[in-house]
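1. Any chance you can model this:
(one chain, ligands or ions: 1)
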Amino acid sequence: MIHHHPADDLLLAYAVGAADEAVSLIVATHMSYCAVCRARAAKLESLGGALLQELPPVPLNDGALDHVLSRLDQVTPYERPRRPARADGTPEVLRAYIGGDLAQVRWRSMGPRLSYAPLFKRGKVSARLLRGAPGADSGMHHHDGTEYTVVLQGGFTDLTGSYGPGDLQMMEDGMSHNVVADPGEDCINLAVTTGRLKFDSLIQKIAAPLFGF
Ligand SMILES: [Zn+2]
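-> You can find the predicted model right below:
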């Protein structure tokens, strides 16, 4: 049962192709667990695309459309997968980054009960896997930049709640928290750190009728 979903603006950015590779990976990984968001993203993609096409050619005086279109041009082409997780529990979208399933990850130790495996780093954007034994404690830490986490196995708890497989957590720039791995099996997370996402006002205009703002 998924309790923590991407915010609407994040799902919309993904659906219209405005999210970068790292954020797309986070959303796609969540969606491999979440049929609700798969359906929502598919709907947003078709509605958002139609609305973009139907906009009058010179509707805005603030260059918002040009800005959005230039951003779309900057996005690295990325095939957004829709397939659900395999039976072994490794989301299909992650397999290309890991080079196989979770059992094949080569973990690097960060202490007796915590380990990690880097997936990629592009400038300030990085994606990695984090693993904690039951009861492992990250210690209180501060977030520089926005961090998105999706649980792949096990679970964790912090001051914002408890997170299990498929749940997505967003920690905004400047937030602090202390993460403790839940009892049971090891907690394995996909974590992406990125700059602050700014969504254009045009995206908000597209979102408004869809979400009933
Ligand atoms: Zn969801």
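2. Give me every residue in this protein lying close to the ion.
-> Contact residues (C-beta under 5 Å from the ion) of the chain with the ion: 5, 34, 36-37. Yep, even glycine has a C-beta here, placed from its N, CA and C like the rest.
3. Secondary structure and pLDDT added to these, as TSV?
-> Putting those into TSV (DSSP: H, G, I helix; E, B strand; the rest coil; pLDDT from 0 to 100) gives the following:
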residue	secondary structure	pLDDT
His5	coil	96
Cys34	coil	95
Val36	helix	93
Cys37	helix	93
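4. Quick one: those as TSV, columns for distance to His177 and neighbour count too.
-> Formatted as TSV, these follow (distance: C-beta to C-beta, whole Å; neighbours: other C-beta atoms under 10 Å):
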residue	distance to His177	neighbour count
His5	19	18
Cys34	23	22
Val36	26	11
Cys37	24	24
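5. Distance to Gly139 for those - can I get that in TSV?
-> Below are those laid out as TSV (distance: C-beta to C-beta, whole Å):
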residue	distance to Gly139
His5	27
Cys34	30
Val36	34
Cys37	31
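6. Which residues are in contact with the residue most central in space within the chain?
-> Geometric centre of the chain, nearest residue: Ile26, 2.6 Å, by C-alpha atoms, centre = their mean. Contacts for Ile26 (C-beta atoms under 8 Å, 6 or more residues apart in numbering) come out as 6, 148-150, 168, 190, 192.
7. and what of His177?
-> Contact analysis of His177 by C-beta under 8 Å, 6+ apart lists 140-141, 143, 158-160, 171.
8. Among those residues, name the buried ones.
-> 158, 171 (16 or more other C-beta atoms under 10 Å).
9. Looking at the contacts of His177, which are in helices?
-> Taking DSSP state H, every one of the contacts of His177 sits outside helices.
10. Any idea how far stretch 173-181 is from the middle of the chain?
-> 17 Å (C-alpha atoms, centre = their mean, to the nearest Å).
11. List the buried residues in it.
-> For stretch 173-181, the buried set under the neighbour-count rule, 16+ other C-beta under 10 Å, comprises 179-181.
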